[in-house]
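Participant: Predicted coordinates and the sequence they were generated for:
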Amino acid sequence: MTLSPVFRSEAAIEVLRSEGVWNRLQAASAAQRAAVRRVRADLPHVLDGRFLRETPEVSAGGTDAVPLEFVQEFFFLIFFRSVLESIGVGRSALDLYAELNFCIKGTITAADNLFDDQQKTLLPLAAGAGPRFASILQLLTFQRLMQRVFDRGMRAGLVSEDQAERIQRELLSRMATIGALEGSEEDGVEDILAVDEMVERVHRVRGGALFELGFVAPGILEASAFHGVMGRVEKAISRLGTAFQIVDDLTDVEFDVGHGRQNLLV
């Protein structure tokens with residue numbers, strides 16, 4: 001989810017454009033953008049206006065042209081939605097998952113900020129000059145926004161209260177697994193793992209398990225309808241996330257070496 005900057009490369013964008021990928025993902029892109037707007041529209045309900053830079057933009061249809069910058073930032077969420085749609089998940093459920101995945105991405109981004117001393121934000125927050133506080137506020141805000149997404153889903157009959165609790169518990173447990181790996185590298189690592197071991201213990205968690213977060217809710221809510229398909233989809237997505245984490249190592253080698261983190265290129 002946070003590996004989207006891979007697509008900042010102009011060469012990569014041109015390949016995707018020439019192969020028709022952007023066009024095929026146009027509907028999913030517009031739907032994901034509308035989901036992001038719906039979640040952001042909830043901001044005044046969860047946070048005082050003093051801490052918002054602007055009034056969130058609201059769009060019901062999401063059919064207007066989607067900027068390339070949005071597709072780059074949210075490429076994987078768009079792709080996840082497209083995958084779920086391709087196996088037959090209904091529109092209302094797709095919208096629910098798109099909103100949840102935005103909240104998951106925002107939570108992970110805020111946590112990454114704290115681990116990596118970054119200041120990336122996905123919400124129009126006015127948190128002052130302190131980058132750590134801004135990240136903490138973003139993390140807390142996304143948790144409240146996620147609850148509102150579940151509340152909407154329960155009112156629409158898409159998810160029960162028990163299912164919502166189960167999904168949130170599973171998400172937090174998996175995030176904790178990823179966080180434990182990140183935490184183990186906070187002070188740098190003493191030993192560089194062998195390639196196969198690093199892929200299994202680091203990349204499968206940092207990339208594969210990260211991508212799996214986007215399929216936790218569908219895996220719980222759609223399991224009976226798709227008879228094992230969701231499990232196979234999640235496994236494939238996990239492998240894709242692992243692969244992109246390896247690519248991420250190539251682009252972040254200087255950062256990883258400087259912070260004493262595991263990196264496959266090293």
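Facilitator: Perfect, thanks for sending it.

Participant: tell me which element the residue nearest the centre of the chain is part of?
Facilitator: In the chain, the C-alpha closest to the average C-alpha coordinate belongs to K105, at a distance of 2.9 Å (Cα atoms, centre = their mean). Element membership for K105, per DSSP states H and E: helix 91-116.

Participant: What lies in contact with the helix or strand following that helix?
Facilitator: Using DSSP H and E, the helix or strand that follows helix 91-116 in sequence is helix 131-155. Outside of helix 131-155, the residues within contact range by Cβ atoms under 8 Å, 6 or more residues apart in numbering are 39, 42-43, 45-47, 51, 96, 99-100, 103-104, 106-107, 109-111, 113-114, 117-119, 121-123, 125, 127-128, 159-161, 164, 167-168. Any C-beta I mention is one placed from the backbone N, CA and C, and that applies to glycine too.

Participant: quick one: pLDDT of H45?
Facilitator: The model reports H45 with a pLDDT of 96.

Participant: ugh, typo on my part, it should be R17
Facilitator: What the model reports as pLDDT for R17 is 84.

Participant: Please apply the same query to D48.
Facilitator: 95.

Participant: Would you mind measuring from it to L84?
Facilitator: Look at D48 and L84: by Cβ to Cβ, to the nearest Å, they are 35 Å apart.

Participant: in stretch 165-182, what's buried?
Facilitator: Using 16 or more other Cβ atoms under 10 Å as the test for burial, stretch 165-182 gives 166-168, 170-171, 174-175, 178, 182.

Participant: Out of the residues you listed, which is nearest to A243?
Facilitator: Proximity of the buried residues of stretch 165-182 to A243 (Cβ to Cβ) peaks at I178, which lies at 16.8 Å.

Participant: Could you verify that that closest one is part of a helix?
Facilitator: Yes: assigned with DSSP: H, G, I helix; E, B strand; the rest coil, I178 falls within a helix.

Participant: D48 and L84: which has the busier surroundings?
Facilitator: Set D48 next to L84 and count neighbours by other Cβ atoms under 10 Å: L84 wins out with 24 against 7.
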